[in-house]
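[1] give me a 3D structure for the following:
(chains A and B)
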Protein chains: 2
Amino acid sequence: MNEVNAAIITIGDELLIGQTIDTNSAFIAQELNKTGIWVKRRIAIGDVREDILNALREQSRDCNLIIITGGLGPTADDITKPTLCEYFGGKLVLHQPTLEHVTYLFEHVFRRPMPLLERNRRQAEVPDVCTVLKNERGTAPGMWFEKDNVFFVSLPGVPHEMKGLMLDSVIPKLKKTFKLPVVLHRNLLTSGIGESLLADHIADFENDLPSHIKLAYLPAYGMVRLRLTSRGSDKNSVENELDNLFIQLKSFVKKWMVTDEDISLPEAVLNLLQSKKKTVSTAESCTGGNIAHLITSIPGSSASYNGSVVSYANDAKENLLGVKRETLLQFGAVSEQTVVEMVNGALKELKTDYAIATSGIMGPDGGTPEKPVGTVWIAVGNNKKIIALQHSFRFDRERNIELTTHNALSMLYRFVKEEEGE
Amino acid sequence: MNEVNAAIITIGDELLIGQTIDTNSAFIAQELNKTGIWVKRRIAIGDVREDILNALREQSRDCNLIIITGGLGPTADDITKPTLCEYFGGKLVLHQPTLEHVTYLFEHVFRRPMPLLERNRRQAEVPDVCTVLKNERGTAPGMWFEKDNVFFVSLPGVPHEMKGLMLDSVIPKLKKTFKLPVVLHRNLLTSGIGESLLADHIADFENDLPSHIKLAYLPAYGMVRLRLTSRGSDKNSVENELDNLFIQLKSFVKKWMVTDEDISLPEAVLNLLQSKKKTVSTAESCTGGNIAHLITSIPGSSASYNGSVVSYANDAKENLLGVKRETLLQFGAVSEQTVVEMVNGALKELKTDYAIATSGIMGPDGGTPEKPVGTVWIAVGNNKKIIALQHSFRFDRERNIELTTHNALSMLYRFVKEEEGE
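    Numbering: from 1, shown residues only, chains lettered A, B, ... in the order given. The predicted structure is shown next:
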């Protein structure tokens, strides 16, 4: 078994000025981790020859796998590819199969027929010291290098192209190249308890863990995910030990556990609904469609989700959800009465078993002394029962929207569990 | 004027296994950049003493400002804070004002009254060689260190706490500490032209740029943002030169330019509507609320945006938007006829001047030979005119949703411009 330590290098000025959020590194780290490869370091540098050379040199000191993304677009690879040639001691040559692939994409696949420019043709040039990895989804190919027992993989920065190359080429090649350890994770999601209290509650369990097993706390949107990780050489023994510990951990946190799978809260909600053959709809004011967006991002969500009325204007609350004008006038749009009527409207208009409604003041403007920014009402219910809760968040608009969304989903999850007799 | 080179170090195993996407670094990079500080490198490492020490040592070789985030939660700071003490040669002491602040938060601010645990109390312990930066939004304080003319700032990893500390404490302190250069950017957003063609179109302009001015191509969702950046010591001369070049650049790309401000496409749409005192609504099937979510994430959007009907189920298209059953039966939900009727429904039910409608097959399932995954219809219109366009995207669900969203907004933008006689 080889110990594989990986580094991820992302190249591009846009990362250093903060114009782009680096989602590639997270994806690559996840996939490597699943395969049993530990990512020791992630580093982002600009489109600068010296910085690229330094990064390659420094990272290969204590890592034997370096994954590089970015710096390969038609307007960007003037620096990266010559620099790779310099580092690995090769020269750029035209790679005929890549040129054919690029030509094919331009002639047959790209929506608008586009002329093949000289700079597109140059995307088919690669260092003559690499193995070319075909990029089915785009023009810039992946490249695989080896130098002094360190493996280097260069991938384009466009996320869906990078993902295709990682899954189709890089991971299979890594499995052939290294004899990898077994790394397994078990995840659970808790709601309704803070990180500190949770840590105190399971302190004895944590202290008794063997040293090759790690427990991580991953707080997000008022929830905490716990992750147990183990590694070893024998899959069965790693799995058995981890499963036993996971059963213990679950019994300690039973009261707050939302799901014991490595899935998001919207996925847990959808799985629960699907297993009970029930449907849900949403009536969103302050979350502005974010609950709908998170649910509909999940493949197959249409089986349990009928839709949403995003009633941003009060008119829409009346017209589309049947909220009474008197309710809006007497109690206001951000009130228990309004969200309860919104739930009823969604149940009726979208014909679902369950519904969620949200209304609140997300900020930065719109607050009043009685209802300051962060005041939120959430209701969930079915035809028999509706419950509503007020929250007072204290954060910025973006976070208030996320917190309201996740609290609403977690409230629905508990409500459905109770109503369906679990 | 000091040359300030910054490095950002994020600490946390969750970044190395890819469970968390690093949005903090992008925010920090943006804010530093605005202030005239160039971020040379971003690096992410695990909660490992040696890796932290190495990163601090290595980054301070060629950077004189190191911003550290993460590793300071109530369950995480057992490693980071002692390691900072070791690196800077101090010891942990209780910081009384922080303890009072933490106690206050626990007693008066946190929604559920929570007991103050020993591990919360320890958050008020800081190395005795740092300047404490008060964290108004949470319990873990910021810390400011200096060693051999390099400045180090340690911030908590919770995004909204980090943001508060950056804006309220760190940036003002940096402006006092360094005499900073002027760095200015000009941004414009294009739509309807690919990166390569655009680059060819402005090749002469780009080649003639002086060396202290950079042009960057930032492609996203079928659009390309162009950014001109200049730096110097005199604000007026930097600004004049940059503005002149920006006018030239704009004249070259006029045909494809959506906005010449550094704002997102949804912001450009809202600004345009607001300046014309017009409103918009959406009828979303395949985008599932994502257009509504992007629009309502912008403060003040309620002035121009009335809401959305997320008609995921066909029933909802009929009930809430008045799409005719015959239309759905004859042409299907993903058709020109359906999106046109959806626009009419949204205009009527949500009482707006303009409306957008989307319907498509996002994948991975649901495709047919006639309408494969990626088939999307988008319509925009007002009471006088409705236009509809079919797209064939080829990507994964997430990207298809984003592409549809951005194409719909860009289509609306052009439509409104034309209708309002610009």
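
[2] how about residue A:411, nearest residue that isn't a chain neighbour?
    Excluding its sequence neighbours, the residue lying closest to residue A:411 (C-beta to C-beta, 6 or more residues apart in numbering or on different chains) is residue A:380, at 5.1 Å. (Each C-beta comes from the backbone N, C-alpha and C, glycine too.)

[3] what's across from the one you found in the sheet?
    Beta-bridge partners recorded for residue A:380 (DSSP bridges): residue A:356, residue A:387.

[4] dihedrals phi and psi, the residue lying closest to residue A:95 once chain neighbours are set aside?
    Take residue A:95 and drop its neighbours on the chain: the residue closest to it by C-beta to C-beta, 6+ apart is residue A:126, 4.8 Å away. With angles defined as degrees, to the nearest 10, residue A:126 sits at phi -140, psi 160.

[5] now for residue A:126, how many residues are close by?
    The number of residues packed near residue A:126 is 23, by other C-beta atoms under 10 Å in any protein chain shown.

[6] need the contact list for it.
    By C-beta atoms under 8 Å, 6 or more residues apart in numbering or on different chains, the residues touching residue A:126 are A:81, A:92-93, A:95, A:98, A:132, A:141, A:143.

[7] write the PyMOL selection for whichever of the residues you listed are buried.
    Selecting the buried subset of the contacts of residue A:126 in PyMOL, with 16 or more other C-beta atoms under 10 Å in any protein chain shown as the burial test, is done by:
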select buried, chain A and resi 81+95+98+132+141+143
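
[8] what about the contacts of residue A:126, which are in strands?
    Of those, the ones assigned to strands by DSSP state E are A:92-93, A:132, A:143.

[9] possible to save the contacts of residue A:126 as TSV with pLDDT?
    TSV is the format used below for the contacts of residue A:126 (pLDDT from 0 to 100):
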residue	pLDDT
A:81	92
A:92	94
A:93	95
A:95	95
A:98	93
A:132	97
A:141	94
A:143	97
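
[10] mind naming the longest helix for chain A?
    When chain A is parsed with DSSP state H, its longest helix is helix A:397-419.

[11] which positions within that helix qualify as buried?
    Buried residues in helix A:397-419 (16+ other C-beta under 10 Å): A:397, A:399-413, A:415-416, A:419.

[12] do the same with stretch A:353-370
    A:353-363, A:366.

[13] show me chain A divided up by domain.
    A:5-177, A:182-259, A:265-419 (automatic domain parsing).

[14] which one of those lies closest to residue B:387?
    domain A:5-177 (17.6 Å; C-beta to C-beta).

[15] nearest to residue B:40, of the contacts of residue A:126?
    residue A:81 (22.1 Å).

[16] give me the nearest residue to that closest one, chain neighbours excluded.
    Ranked by C-beta to C-beta, 6+ apart and with sequence neighbours excluded, the top spatial neighbour of residue A:81 is residue A:92, at 6.2 Å.

[17] list the contacts for residue A:412?
    Here residue A:412 is in contact with A:269, A:280, A:354, A:356, A:380 (C-beta under 8 Å, 6+ apart).

[18] actually residue A:34, sorry about that
    Here residue A:34 is in contact with residue A:183 (C-beta under 8 Å, 6+ apart).

[19] that one and residue B:17: what is the separation?
    Distance from residue A:34 to residue B:17, counting by C-beta to C-beta, to the nearest Å: 9 Å.

[20] spatially nearest residue to residue A:296 (excluding sequence neighbours)?
    Going by C-beta to C-beta, 6+ apart, residue A:296 has residue B:288 as its nearest residue, at 2.7 Å.

[21] for the one you found, helix, strand, or coil?
    coil (DSSP: H, G, I helix; E, B strand; the rest coil).

[22] burial check on it, number of neighbours?
    When neighbours are counted by other C-beta under 10 Å, residue B:288 registers 31.

[23] please verify my assumption that residue A:356 contacts residue A:382.
    No - counting by C-beta atoms under 8 Å, residue A:356 does not reach residue A:382; the two are 11.0 Å apart.

[24] burial check on residue A:241, number of neighbours?
    Residues lying near residue A:241 (other C-beta under 10 Å) number 16.

[25] give me the element the nearest residue to it once chain neighbours are set aside is part of.
    Distance criterion C-beta to C-beta, 6+ apart; nearest residue to residue A:241, sequence neighbours excluded, is residue A:230 at 6.5 Å. Element membership for residue A:230, per DSSP states H and E: strand A:223-232.

[26] partners of that strand in the sheet?
    Each strand paired with strand A:223-232, and its direction, by DSSP bridges: strand A:182-191 (antiparallel), strand A:213-220 (antiparallel).

[27] thank you kindly, that will do.
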